[in-house]
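> predicted model and sequence below, questions to follow.
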Amino acid sequence: MRVRTLFFGVYAELAATREGSTELPPGSTVADLVVALRRGSLDWLPDRVVVAVNQSYAEPGTALADGDEVALIPPVAGG
Amino acid sequence: MRVRTLFFGVYAELAATREGSTELPPGSTVADLVVALRRGSLDWLPDRVVVAVNQSYAEPGTALADGDEVALIPPVAGG
Amino acid sequence: MIRVGITTRSLDGLASFDDLSSTADGAVLVFEGRVRETNEGRAVSGLSYEAYGEMAEKELRAICEEAVDRHEIGSLRAFHRVGDLDLGEVSVVVGVSAPHRAACYEASRYVIEQLKKRLPVWKKEHYVDGDREWVGAPGELRGRTAAGRAGGGDR
Amino acid sequence: MIRVGITTRSLDGLASFDDLSSTADGAVLVFEGRVRETNEGRAVSGLSYEAYGEMAEKELRAICEEAVDRHEIGSLRAFHRVGDLDLGEVSVVVGVSAPHRAACYEASRYVIEQLKKRLPVWKKEHYVDGDREWVGAPGELRGRTAAGRAGGGDR
């Protein structure tokens, strides 16, 4: 399966992109995606990075599905 | 000595005036003034009425002086 | 830095966001109290406020000075209106600007709560049924006013 | 009753006292967050905000719905601006009207505190010395950004 990845703030700057996509084995979780990204070019990505799946905050154990929109969320600073 | 008395809100309505003056023996306190007013026509005045002397809240024991401005303060309801 | 007043005129613009603007302050909070159409279940048609004007202004300034002593504040405005007010009209406004939001919320709340306790201001409610009553007046006195004797004071 | 948004345009008028007027509500409270000239001792020249727009709008609506569930509220407005902001410009506005003031203060504070914790919005501070930094970004990442490599990221 393939998920869409979104980058914001300092993560977008370091990834030098705002969007990517990653191929994962069926049954992969959020934690599996983070491991895959860190093994690729995003070695700086914190292993406990906050993640949103389809625009809702998700846990590391959340299962991913083909076509999911997964956002990597740096520490927020609104207001 | 003589003090000026001011009435507001429901007290002004019941006293049918906004202002009066009362003659008191030298050395009188706020409590003495309230007793004098209640013995006069203002028998409805609560004996624990809140009083301000010269525009500051005062205690029953506060001593009065000739020419003081004494306001009888009904329960406040600003805001 | 503190501006206060008791006035018969509209409070429009007396504690506006424009007035409270400073690049030193990251937070601005403006509270408005308005005449509601009901109070304790009775339909209200309007209010009359009366104040011991000179004392009320002194007391309001004292309250604001206490708030400024307790919190890091840029500007503070507090105004109370007196006279006859229609439904929806603004009776009180409190505006605060501060470097940080916590001070804004705490100072604003302090001013409005203290003002309600301490300001020598009185409110007569006018009800849709024609009755009028001094809010907070002791029940035993209400029965003695003209409105009370006309039958409205014994609720 | 709830209106929220994430927008690149000025927030002027999006949570105004006129907009929040209802004779059922005796209290109106409007909070504005603005760009301050200093942060943690550094002189700021401006900010850029970036948001995960769709999620931020959903999250902001969820926060407002929680506030309405917890308090008796008439109307609630919350808007966050994104893009480049100068000193003194409004970055966030929260407006509440309610029958009684306690609900206004509590709901307003709830929305701003939750928004700061949960809204997927990021802020890059521009400093007078020319440096720029993502606020809250982990120190070890700052050193890897273009600004960090130019020497500003190791404070």
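Sure thing, it's come through.
> quick one: secondary structure of the residue most central in space within chain A?
The structure's chain A has its C-alpha centroid closest to A:Leu72; by Cα atoms, centre = their mean the separation is 4.2 Å. Under DSSP: H, G, I helix; E, B strand; the rest coil, A:Leu72 falls in the strand class.
> ok, what's across the strand from it?
A:Phe7, A:Val51 (DSSP bridges).
> report pLDDT for it.
In this model, A:Leu72 is scored at 98, pLDDT.
> thought it was touching A:Arg4?
No - using Cβ atoms under 8 Å, A:Leu72 is not in contact with A:Arg4, being 11.5 Å away. For the C-beta atoms, the positions are set from N, CA and C on the backbone; glycine is no exception.
> give me the residues contacting the longest helix along chain A.
Longest helix in chain A, counting residues (DSSP state H): helix A:30-39. Here helix A:30-39 makes contact (Cβ atoms under 8 Å, 6 or more residues apart in numbering or on different chains) with A:3, A:5, A:22, A:24-25, A:28, A:45, A:47, A:49, A:51, A:53, A:58-62, A:64, A:70, A:72.
> just checking: what are the partner strands of the helix or strand where C:Ala78 lies?
Taking DSSP states H and E as the definition, C:Ala78 sits inside strand C:75-81. According to DSSP bridges, strand C:75-81 has the following sheet partners: strand C:2-7 (parallel), strand C:90-98 (antiparallel).
> could you point out the helix or strand that follows the shortest one?
Proceeding C-terminally, strand C:2-7 gives way to strand C:27-34 as the next helix or strand, assigned by DSSP H and E.
> about what we covered before: the residue nearest to the centre of chain A and D:Ala15, how far apart?
Separation of A:Leu72 from D:Ala15 (Cβ to Cβ, to the nearest Å): 31 Å.
> what's around the closest residue to C:Ala103 other than its chain neighbours, how many residues?
Leaving aside its chain neighbours, C:Ala103 sits nearest to C:His71 (4.1 Å; criterion: Cβ to Cβ, 6 or more residues apart in numbering or on different chains). Close neighbours of C:His71, defined as other Cβ atoms under 10 Å in any protein chain shown, add up to 19.
> dump the residue contacts of C:His71.
Going by Cβ under 8 Å, 6+ apart, C:His71 touches C:98, C:103, C:106-107, C:110.
> tally of neighbours for the nearest residue to A:Ala52 once chain neighbours are set aside?
With sequence-adjacent residues excluded and distances taken as Cβ to Cβ, 6+ apart, A:Ala52 is closest to A:Ala71, at 4.4 Å. Other residues within reach of A:Ala71, judged by other Cβ under 10 Å, total 24.
> state the pLDDT value of residue 16.
Using chain A here. So A:Ala16 comes in at 96 (pLDDT).
> could you do chain C instead?
Per-residue pLDDT puts C:Ser16 at 91.
> before we move on, back to that, check which residues of the longest helix of chain A are buried.
A:30-34, A:36-37 (16 or more other Cβ atoms under 10 Å in any protein chain shown).
> closest to chain B among these?
The nearest member of the buried residues of helix A:30-39 to chain B, counting by Cβ to the nearest Cβ, is A:Val30 at 50.8 Å.
> which one of the contacts of C:His71 has the most neighbours?
In the contacts of C:His71, the most neighbours by other Cβ under 10 Å go to C:Ala98, 27 neighbours.
> any part of stretch C:121-141 near chain B?
Yes - contact of stretch C:121-141 with chain B (Cβ under 8 Å from any Cβ of the partner chain) involves C:121-124, C:134-138, C:140-141.
> centre of the chain to that stretch, how far?
From the chain centre to the centre of stretch C:121-141 is a distance of 17 Å (Cα atoms, centre = their mean, to the nearest Å).
> quick check: end-to-end length of it?
18 Å (Cα to Cα, to the nearest Å).
> that stretch and chain D in contact?
No - Stretch C:121-141 stays clear of chain D (Cβ under 8 Å from any Cβ), getting no nearer than 11.9 Å.
> what's that stretch in contact with?
Residues outside stretch C:121-141 that contact it (Cβ under 8 Å, 6+ apart): B:8-10, B:13-14, B:44, B:46, B:74-79, C:6, C:39, C:42-52, C:56, C:80, C:82, C:142, C:145, C:147-148, C:152-153.
> so for the spatially most central residue of chain C, what's the pLDDT?
Chain C has C:Val92 as the residue nearest its centroid, 3.5 Å off, counting by Cα atoms, centre = their mean. Note for C:Val92: predicted pLDDT of 98.
> wait, doesn't it sit right on C:Val82?
No - with contacts counted by Cβ under 8 Å, C:Val92 stays clear of C:Val82, the gap being 10.6 Å.
> how close does the closest residue to chain A within chain C sit to chain D?
Relative to chain A, the nearest point of chain C is C:Arg101 (8.0 Å; Cβ to the nearest Cβ). C:Arg101 is 6 Å from chain D, where distance means Cβ to the nearest Cβ, to the nearest Å.
> how about the contacts made by the nearest residue to that residue once chain neighbours are set aside?
Leaving aside its sequence neighbours, C:Arg101 sits nearest to C:Ala27 (Cβ to Cβ, 6+ apart; 4.0 Å). For C:Ala27, the contact set (Cβ under 8 Å, 6+ apart) comprises C:97-101, C:103-104, D:31-34.
> one more time with 10 Å
C:Ala27 sits next to A:79, C:20, C:74, C:96-105, D:31-34, D:36, D:92, D:112 when contact means Cβ atoms under 10 Å, 6 or more residues apart in numbering or on different chains.
> mind listing what the residue of chain A found nearest chain B touches?
Closest contact between chain A and chain B, by Cβ to the nearest Cβ, is at A:Gly79 (29.2 Å). Residues in contact with A:Gly79 (Cβ under 10 Å, 6+ apart) are C:26-27, C:101, D:33, D:49, D:80, D:91-92, D:94, D:112-113, D:115-117, D:119, D:121, D:123.
> what about the helix or strand of chain C with the lowest mean pLDDT, near chain B?
In chain C, no helix or strand scores lower on mean pLDDT, DSSP states H and E than helix C:146-147, which sits at a mean of 71. Yes - counting by Cβ under 10 Å from any Cβ of the partner chain, chain B is contacted by helix C:146-147 at C:146-147.
> contacts for that helix, please.
By Cβ under 10 Å, 6+ apart, the list of residues contacting helix C:146-147 reads B:13-14, B:16, C:124, C:127, C:130-134, C:152-153.
> now for those residues: which two are most distant?
Checked with Cβ to Cβ, the contacts of helix C:146-147 reach their widest spread between B:Ala16 and C:Tyr127, with 23.2 Å between them.
> of these two, who's got more company?
C:Tyr127 (18 against 9).
> state the pLDDT value of the more buried one.
97.
> thinking again about what came up before, ramachandran angles for the residue of chain C closest to chain A?
Here is the backbone geometry of C:Arg101 (degrees, to the nearest 10): phi -70, psi -30.
> mind listing what it touches?
By Cβ under 10 Å, 6+ apart, C:Arg101 lies in contact with A:79, C:26-29, D:31-33, D:92, D:108-109, D:112-113, D:116.
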